[in-house]
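Engineer: here are the coordinates; sequence isn't available:
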């Protein structure tokens, strides 16, 4: 008993506090063995054997527990080693990718702008164009720049990056005649800013292509303006020839036919004149074009007595060249007919032109007058003269428009069409 107590006390005082529960279990085994020994009346020798077995069991349990701790530590150490190797592999892969890119990438600290990291493209550039044989971590900005002015320029770039956090700008490098798209970003960790990263993409070829496209577009714009100008001039020559020919005509009907043809040519000519004078060579403000057209028609007709008033209610909208010409020819016919036939005997009246877009984006064009109107039983197809046939042909064939005539109070013609469909046709 003294020996057992001595061993237990020694084991307890040796600092193995974590195995206290195991010792309690072992003592429980011993107490159980004593009770059993005295119960069956086996002697002192058997009691010693029971103590030895209990003690061996205690040592075995403690040893297994410590072995488990050792195994866990070994596995943890192995996992840590494998994680470190994976991290190294990841860093090596990232470094290879960064070095293989043709764009320059580098970073500097925010205090003295010393070089922290850089890729191969950066090294090659400073070696070729800056006379720096080998860039090295820790080099200052003035060691990488050939002049003090450039050193100050880069300091300004880094300071802007610190202020704004991230920004991008184009920069031309005088020593290499290259243009770069610079992107500067702050570098930080755990709320602490420690550096700036710079990504420089070489956009020299892209800038050259853009400049070439701009020059080509400028040349084509000049040529297109010249085409419009010459088209207008040729049409004016045709108008002048028709006027000379009509002056020799003794038949008034022929003279009127020549005048109608002249008006149609001038309607087309004025479109080219408008396009020649505007910055957009493909689209024209339909409102301004129809305003000039109708004003010229009203001023060109010699009418005794009171002239009809012209009312224009139009929204500004830009349309393609073909759309403008077709609309102009239609309005030319309708307004001309109103001026010729709607107001006989010096009758007062009003000619109205409406131009709007509906909720679906369709163009709505209407020309009307409050004159004498059409004859009873008028049919736009059956009774159509040359002017109405031209209107129907342009509306259906060119504009793909729905057309509606009104004859209740004077005369009106309304068109509704979508410009995209007309342009595709």
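Structural biologist: Yep, that arrived. The shown structure was predicted, so the numbers you read here are calculated from the model rather than taken from an experiment. Numbers count the residues shown, from 1 in each chain.

Engineer: Show me what the closest residue to residue 207 other than its chain neighbours is bridged to.
Structural biologist: Closest residue to residue 207 apart from its sequence neighbours, by C-beta to C-beta, 6 or more residues apart in numbering: residue 179 at 5.0 Å. From N, CA and C alone the C-beta is placed, and that goes for glycine too. Beta-bridge pairing for residue 179 (DSSP bridges): residue 172.

Engineer: ok, and for the helix or strand hosting residue 324, which residues are buried?
Structural biologist: Using DSSP states H and E, residue 324 sits within helix 321-337. Using 16 or more other C-beta atoms under 10 Å as the test for burial, helix 321-337 gives 321, 323-337.

Engineer: from those, which is closest to residue 158?
Structural biologist: Closest approach to residue 158 among the buried residues of helix 321-337 (C-beta to C-beta): residue 321, at 52.6 Å.

Engineer: contacting residues around that closest one?
Structural biologist: 271, 275, 282, 283, 284 (C-beta atoms under 8 Å, 6 or more residues apart in numbering).

Engineer: Ok, residue 283 next?
Structural biologist: Neighbour list for residue 283: 318, 319, 320, 321 [criterion: C-beta under 8 Å, 6+ apart].

Engineer: for residue 374, same thing?
Structural biologist: 383, 407, 411.

Engineer: please redo it, this time with the cut-off set to 10 Å
Structural biologist: The neighbourhood of residue 374, defined by C-beta atoms under 10 Å, 6 or more residues apart in numbering, consists of 341, 342, 380, 383, 405, 406, 407, 408, 410, 411.

Engineer: thinking again about what came up before, and for the residue nearest to residue 207, the neighbour number?
Structural biologist: Neighbour count of residue 179, defined by other C-beta atoms under 10 Å: 17.

Engineer: Please apply the same query to residue 266.
Structural biologist: 21.

Engineer: which SSE is it in?
Structural biologist: Residue 266 belongs to helix 252-277, assigned by DSSP H and E.

Engineer: now the helix or strand just after that helix: how far from the chain's centre is it?
Structural biologist: Following helix 252-277 in sequence order, the next helix or strand is strand 283-285 (DSSP H and E). Relative to its parent chain, strand 283-285 has a centroid offset of 26 Å by C-alpha atoms, centre = their mean, to the nearest Å.

Engineer: mind listing the helices for the stretch 151-300 of the chain?
Structural biologist: Listed in chain order, the helices of the stretch 151-300 of the chain (DSSP state H, counting those that start in this stretch) span 204-247, 252-277, 286-300.

Engineer: between the contacts of residue 321, which is nearest residue 197?
Structural biologist: The closest of the contacts of residue 321, once distances to residue 197 are taken by C-beta to C-beta, is residue 282, at 44.3 Å.

Engineer: The closest one against residue 228, yeah?
Structural biologist: No - contact between residue 282 and residue 228 fails when scored by C-beta atoms under 10 Å: they sit 11.0 Å apart.

Engineer: Compare those two and say which is more crowded by neighbours.
Structural biologist: residue 228 (20 against 10).

Engineer: ok, so what distance separates the residue nearest the centre of the chain from residue 119?
Structural biologist: By C-alpha atoms, centre = their mean, the mean C-alpha position of the chain lies nearest to residue 168, the distance being 16.5 Å. Remark: distance between residue 168 and residue 119 (C-beta to C-beta, to the nearest Å) = 19 Å.

Engineer: what does residue 166 give?
Structural biologist: For residue 166, the distance to residue 119 equals 20 Å [C-beta to C-beta].

Engineer: which one of the two has more residues nearby?
Structural biologist: The residue with more neighbours, out of residue 166 and residue 119, is residue 119; 18 against 11, by other C-beta under 10 Å.

Engineer: The more buried one contacts residue 101, doesn't it?
Structural biologist: Yes - contact status for residue 119 versus residue 101: in contact at 6.8 Å, counting by C-beta under 10 Å.

Engineer: ok, and the closest non-adjacent residue to residue 154?
Structural biologist: Taking C-beta to C-beta, 6+ apart, and ignoring the residues beside it in sequence, residue 154 has residue 141 as its nearest neighbour in space, at 5.2 Å.

Engineer: ok, that neighbour touching residue 152?
Structural biologist: Yes - applying C-beta under 10 Å as the test, residue 141 and residue 152 come out as touching, 9.2 Å apart.

Engineer: what about these two, which has more around it?
Structural biologist: Using other C-beta under 10 Å as the criterion, residue 141 and residue 152 rank with residue 141 on top: 19 against 13.

Engineer: who's in contact with the more buried one?
Structural biologist: Shown in contact with residue 141 (C-beta under 10 Å, 6+ apart): 108, 112-115, 150-155, 157-158.

Engineer: what pLDDT does it get?
Structural biologist: Looking at residue 141, its pLDDT reads 79.

Engineer: unless I'm mixing things up, residue 284 is touching residue 274, no?
Structural biologist: Yes - using C-beta under 10 Å, residue 284 is in contact with residue 274, at 5.3 Å.

Engineer: Need the residues touching each of these two.
Structural biologist: Residues touching both residue 284 and residue 274 (C-beta under 10 Å, 6+ apart) are 321, 324, 328.

Engineer: what about the strands in the protein?
Structural biologist: 104-109, 115-118, 166-173, 178-189, 192-202, 283-285, 309-314, 318-320, 350-357, 363-369, 402-406, 411-417 (DSSP state E).

Engineer: Run the angle between the fourth one and strand 104-109 for me.
Structural biologist: Looking back up the chat, that one is strand 178-189. Orientation of strand 178-189 against strand 104-109 (axes from the mean of the first three to the mean of the last three C-alpha atoms, to 10 degrees) gives an angle of 40 degrees.
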